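J.: what's the 3D shape of this:
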Amino acid sequence: MLIIVTYDVSTETAAGRKRLRRVAKACERSGQRVQKSVFECRVDEMQYEQLERELLAEIDPEHDNLRFYRITEPTELRVKEYGIFRAVDFEGPLVI
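T.: Numbers count the residues shown, from 1 in each chain. Model (predicted):
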């Protein structure tokens, strides 16, 4: 499944800046950054639940915001891209 993870972590304190780095690193391990605080992740149900638990353990719900969007298939009908960034096609051939 394709999920979109968005977050807004308060960086007013040193602890907030650390949380922001940890949240970003967790998202980078699971998907690709498409904007500064937006990631696309192609995961199965177990990976989705693991990522959700990991991110919920990092954020401070009193100061931060975390959102998950599950994109229904077929994604080519649901996602339009404009501009210079092009997402990796995880279903396409791997070219090195």
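J.: Outside of the lengthiest helix in the chain itself, list whatever touches it.
T.: Secondary structure assigned by DSSP state H gives helix 14-30 as the longest helix of the chain. For helix 14-30, contacts defined as CB atoms under 8 Å, 6 or more residues apart in numbering pick out 5, 7, 9-11, 33, 37, 39, 41, 43, 47, 51, 54-55, 58-60, 63-64, 66. In short, each C-beta sits where N, CA and C put it, glycine included.
J.: Just give me how far it sits from the chain centre.
T.: With CA atoms, centre = their mean, to the nearest Å as the basis, helix 14-30 stands 11 Å off its chain's centre.
J.: Give me the buried stretch members for that helix, please.
T.: 16, 19-20, 22-24, 26-27, 30 (16 or more other CB atoms under 10 Å).
J.: PyMOL command to pick out the buried ones of the contacts of helix 14-30?
T.: What follows is the PyMOL syntax for the buried subset of those, where burial is set by 16+ other CB under 10 Å:
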select buried, resi 5+7+9+10+37+39+41+43+51+54+55+58+59+64+66
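J.: Please flag which of the contacts of helix 14-30 sit within strands.
T.: 5, 7, 33, 39, 41, 66 (DSSP state E).
J.: hang on, the third one packs against Phe39?
T.: Yes: the pair Arg33 / Phe39 is scored as a contact, 5.6 Å apart, by CB atoms under 8 Å.
J.: which residues touch the closest residue to Ser10 other than its chain neighbours?
T.: By the measure of CB to CB, 6 or more residues apart in numbering, the closest residue to Ser10 outside its immediate chain neighbours is His63, 4.0 Å from it. His63 makes contacts with 9-10, 16, as judged by CB under 8 Å, 6+ apart.
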